[in-house]
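Chemist: Just the structure for this:
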Amino acid sequence: ILITLFFYFSTNNLVATENKILFKVNNEIITTVDIKNEIKYLNAINKNTNNLSKEQLLEIAKKSLINEKIKKNKILSFIKKIEIEEKFLDPIILGIASQNNLNNKDELKKYLEMNNIQYSYMLNKLSINAFWNQIIIDNFSSKIVIDKKKIKEKIIKKKNFVKTFNLSEIVFDINNDENLKKKFSLIKTKILNEGFYNTALQYSISNSSTKGGEIGWISENSLNKKLLNEINKLKLNEFTKPIVIPGGFIIIKLHEIKSEEKEIDLNKEIEKVVKFQTNQQLNTFSNIFLKKIMKDYTIEQL
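Modeler: Down below sits the predicted model:
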């Protein structure tokens, strides 16, 4: 009986010790278990996080969960329950599967299970992001500025010659007590020591941060004049100095360049550029809006 009681109380004490409240976001709490689950999830969907230290992973998980709590709270001020039919999330789910060299949802479910992650955990996170994106679209789509005439003229001018760049980005902002020169110096040192990918995971506020800042192949037609001028100055594997954008600054790294002559479907190319620029502007509005509502929250470390 004594041995049984010893193990019973020891186990309960262990659980109590492990699951401590670490942060408070207003009345919402973030515990050690929340952090552990988030780190497991980050490691599962992005294997490059395995190169990061425990401290770095802790910071990424902390930032991710705090942002998620704030987004969730804002969503619940509009709706009673965060619930979305899985079929509407299928494109994103299949994208996550593909990034991890998996062929379908069933393989992804098994993969998450092997990493001790519940499939519902991922669905909940994707649902929050889906509702948040809808809020951004509802509030800011009318403020998107895209000049289709200029896009068309630019594409026609290039004729059938297409130049594309394989790019990564780090989008960041500075607080009132921060200095741009010092912040860039810190980020630059991190890039040189830990690589662009790992630095984007830690410091970028863009949606691309979860993929280490990877944007992928982008046509020069999709880039505004200021960004294109800075990219054209780069050699392969170099990155820009901070470029001012609405809501902060962007650092771009050039991985590869492709130049080819091929027949272009003008309407499809215009549509592709409009889609890219729309997503880019919505991402900017999302960052600005999140930063704005964050001021209404008290974030305590306990």
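Chemist: just the strands in the stretch 51-200 of the chain please.
Modeler: 161-172 (DSSP state E, counting those that start in this stretch).
Chemist: Under the pLDDT cut-off, which ranges of it? List them.
Modeler: Applying pLDDT under 70 to the stretch 51-200 of the chain flags no residue at all.
Chemist: all helices for it, in order.
Modeler: Ranges of helices in the stretch 51-200 of the chain, per DSSP state H, counting those that start in this stretch, are 54-75, 86-99, 105-114, 119-140, 148-158, 180-194, 196-203.
Chemist: In the protein, where's the longest strand?
Modeler: In the chain, assigned by DSSP state E, the strand with the most residues is strand 248-261.
Chemist: Would you mark the buried spots in whatever helix or strand comes next after that strand?
Modeler: Scanning forward in sequence from strand 248-261 by DSSP states H and E, the next helix or strand is helix 266-294. By 16 or more other Cβ atoms under 10 Å, the buried positions in helix 266-294 come out as 269-270, 272-274, 276-277, 280-287, 289-290. Heads up, the C-betas are built off the backbone N, CA and C, glycines and all.
Chemist: what do you get for stretch 139-146?
Modeler: Residues 140, 144 are the ones in stretch 139-146 that count as buried (16+ other Cβ under 10 Å).
Chemist: That one: end-to-end distance?
Modeler: End-to-end distance for stretch 139-146: 17 Å, by Cα to Cα, to the nearest Å.
Chemist: cool, and stretch 218-234?
Modeler: 15 Å.
Chemist: For it, which outside residues touch it?
Modeler: Residues from elsewhere that reach stretch 218-234, judged by Cβ atoms under 8 Å, 6 or more residues apart in numbering: 151, 154-155, 158, 162-167, 240-241, 243, 250, 252, 254, 269, 272-273, 276-277.
Chemist: now stretch 212-221, how far from the chain's geometric center?
Modeler: Its chain's average C-alpha position is 14 Å from that of stretch 212-221, according to Cα atoms, centre = their mean, to the nearest Å.
Chemist: Neighbours of residue 26, how many?
Modeler: Each residue near residue 26 was counted by other Cβ atoms under 10 Å, and the total is 13.
Chemist: and the closest residue to it other than its chain neighbours, what does it touch?
Modeler: Excluding the flanking residues, the one nearest residue 26 by Cβ to Cβ, 6 or more residues apart in numbering is residue 297, at 5.4 Å. Residues near residue 297 by Cβ under 8 Å, 6+ apart: 25, 26, 70.
Chemist: Can you tell me the element residue 23 falls in?
Modeler: Going by DSSP H and E, residue 23 is in strand 21-25.
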